[in-house]
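Trainee: Sequence plus predicted model, see below.
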Amino acid sequence: MTARVADHGHPRRWADNAIRLIEADARRSADTHLLRYPLPSAWAADADVALYLKDETTHITGSLKHRLARSLFLYGLCNGWIAEGTTVVEASSGSTAVSEAYFAALLGLPFVAVMPASTSASKVALIEAQGGRCHFVEHSADVYAEAERIAAESGGHYLDQFTNAERATDWRGNNNIAESIFSQLRDEAHPIPDWVVVGAGTGGTSATIGRYIRYRRHPTRLCVVDPERSAFYPAYEQCRSDVVIEESSRIEGIGRPRVEPSFLPDVVDRMVAVPDAASVATMRHVSAVLGRRVGASTGTNVWGAFGLLAEMVADGRSGSVVTVLADSGDRYADTYFCDDWVAQQGLDTAGPAAVLAGFERSCRFAFA
Ligand SMILES: Cc1ncc(COP(=O)(O)O)c(C=O)c1O
């Protein structure tokens, strides 16, 4: 009988070098800061609580998505899906594509970002400046099919952050965001936080943090904050996965029209639905306190964190809360920081601003 051998071995030199380039880039980069947020002086001296912001704006591409983009490229390379000349395609609301365009340029690969037409002009400029091509769709729910189609027609690879985010990230460690936060807290008064608060876009960040907390057997709880026009909160509340929302989220980076495969509700301890007006009011409040502009999703995150801190103080508990400063507000001068835009959207920030004033004065806070 003749020996039968099927040899599909692909040349690995290009991929080896691509992985080296990504690893070398990571080695030249520093970890992001964990900032201590200055809580209101009116009550903070009498309350033994602390709030930390993981400042993800200091990544080279300016947002939390830098971690995800690196992981998705490594996942594609190590799975043999990305090779020399592969056109890389992604469905994104903007920030992920900015970071992926950076890695595509690093590897000399063509990159196409499929995004909603509403994506901010500054993100489009950042993608194009790195040689990426932007392809727009009218409704954010259409990005997936369009990205898949473009990848199929070009013989390219669809990175598919919404499916692969939770699996491309090493949730046990490898300096993922959770491991970095816990190691940076080590010498603090309350090194194991009571809560970590994050939003969900793909759901990958919350999946990584939730799994890491369980793996390390920490008592920390994970709270996911969700904006209006997002499927995650109603799906979590009703224990469903088939919720679909017609309109697009107005808080860039978080909130999705469908329950993304990377969102893992079983590792989430609590969800809070945050009104968009509260996200914008808190974003402006935090920007004033820090003396630098933060993005709207940071407003969503901090609104959730303030509510949990108020709960802890009301219960007489001490401890810490961590949330994420996901991207800078500099990208949003024409939207969340523009009064006309906020008014056009019908967002009334007066109510949330009064809640924030109550938090400043006496640590009283109501989520509703
Ligand atoms: C701007 C922004 N993008 C993305 C995310 C979460 O991303 P993902 O769920 O894709 O990990 C957050 C979470 O706080 C965010 O604030």
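Mentor: Thanks, I have it.
Trainee: Just list whatever residues bridge to the residue in the stretch 51-200 of the chain that the ligand sits nearest to.
Mentor: Nearest residue of the stretch 51-200 of the chain to the ligand (C-beta to the nearest ligand atom) works out as G199 at 3.4 Å. To be clear about C-beta, it is placed using only N, CA and C from the backbone, and glycine gets the same treatment. Here G199 sits in beta bridges with V225, going by DSSP bridges.
Trainee: mind checking pLDDT for it?
Mentor: Looking at G199, its pLDDT reads 98.
Trainee: And the helices in the stretch 101-250 of the chain?
Mentor: Counting by DSSP state H, counting those that start in this stretch, one finds helices in the stretch 101-250 of the chain at the ranges 121-129, 143-154, 161-168, 177-184, 204-215, 232-238.
Trainee: now the third one against helix 143-154, angle please.
Mentor: Read it as helix 161-168. On the basis of axes from the mean of the first three to the mean of the last three C-alpha atoms, to 10 degrees, helix 161-168 is oriented at 80 degrees to helix 143-154.
Trainee: With just CA atoms, put helix 161-168 into CSV.
Mentor: Output in CSV follows, covering the C-alpha atoms of helix 161-168 (Å, rounded to 0.1, in the frame of the first residue of the first chain):
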residue,chain,number,x,y,z
GLN,A,161,-14.2,41.4,17.3
PHE,A,162,-17.8,40.8,18.5
THR,A,163,-17.3,37.0,18.3
ASN,A,164,-13.6,36.7,19.0
ALA,A,165,-13.0,39.3,21.7
GLU,A,166,-13.7,36.9,24.6
ARG,A,167,-11.6,34.1,23.2
ALA,A,168,-8.6,36.1,21.7
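Trainee: Give me the contacts around that helix.
Mentor: Residues outside helix 161-168 that contact it (C-beta atoms under 8 Å, 6 or more residues apart in numbering) are 68, 71-72, 74-75, 90-92, 96, 144, 202-205, 207-208, 256, 260-264.
Trainee: What residues of that helix count as buried?
Mentor: Q161, F162, N164, A165, E166, A168 (16 or more other C-beta atoms under 10 Å).
Trainee: which SS class is the closest residue to the ligand within the stretch 151-300 of the chain?
Mentor: Distances between the stretch 151-300 of the chain and the ligand by C-beta to the nearest ligand atom are smallest at G253, namely 2.5 Å. Using DSSP: H, G, I helix; E, B strand; the rest coil, the three-state assignment for G253 comes out as coil.
Trainee: Show me what the helix or strand of the chain with the lowest mean pLDDT is packed against.
Mentor: One helix or strand of the chain scores below all others by mean pLDDT, DSSP states H and E: helix 121-129, with a mean of 92. If you count contacts as 3 or more C-beta pairs under 8 Å, 6 or more residues apart in numbering; DSSP states H and E, helix 121-129 packs onto helix 95-107, strand 111-116, strand 133-137.
Trainee: How far away from the center of its chain is the longest one?
Mentor: Spelled out, that is helix 95-107. The chain centre lies 16 Å from the centre of helix 95-107; the measure is C-alpha atoms, centre = their mean, to the nearest Å.
Trainee: buried set for that helix?
Mentor: For helix 95-107, burial by neighbour count (16+ other C-beta under 10 Å) applies to S95, T96, A97, V98, S99, E100, A101, Y102, F103, A104, L106, L107.
Trainee: overlap between those and the residues near the ligand?
Mentor: When C-beta under 6 Å from any ligand atom is applied, the members of those adjacent to the ligand are S95.
Trainee: Let's have the buried residues of helix 95-107 in JSON lines, adding pLDDT and distance to G351.
Mentor: Formatted as JSON lines, these follow (pLDDT from 0 to 100; distance: C-beta to C-beta, whole Å):
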{"residue": "S95", "pLDDT": "86", "distance to G351": "28"}
{"residue": "T96", "pLDDT": "93", "distance to G351": "32"}
{"residue": "A97", "pLDDT": "96", "distance to G351": "34"}
{"residue": "V98", "pLDDT": "95", "distance to G351": "33"}
{"residue": "S99", "pLDDT": "96", "distance to G351": "35"}
{"residue": "E100", "pLDDT": "98", "distance to G351": "38"}
{"residue": "A101", "pLDDT": "98", "distance to G351": "39"}
{"residue": "Y102", "pLDDT": "98", "distance to G351": "39"}
{"residue": "F103", "pLDDT": "98", "distance to G351": "42"}
{"residue": "A104", "pLDDT": "98", "distance to G351": "43"}
{"residue": "L106", "pLDDT": "98", "distance to G351": "45"}
{"residue": "L107", "pLDDT": "98", "distance to G351": "48"}
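Trainee: from the buried residues of helix 95-107, which single one is nearest A15?
Mentor: L107 (9.7 Å; C-beta to C-beta).
Trainee: Confirm for me that V259 is in contact with D242.
Mentor: Yes: judged on C-beta atoms under 8 Å, V259 makes contact with D242 at a distance of 7.4 Å.
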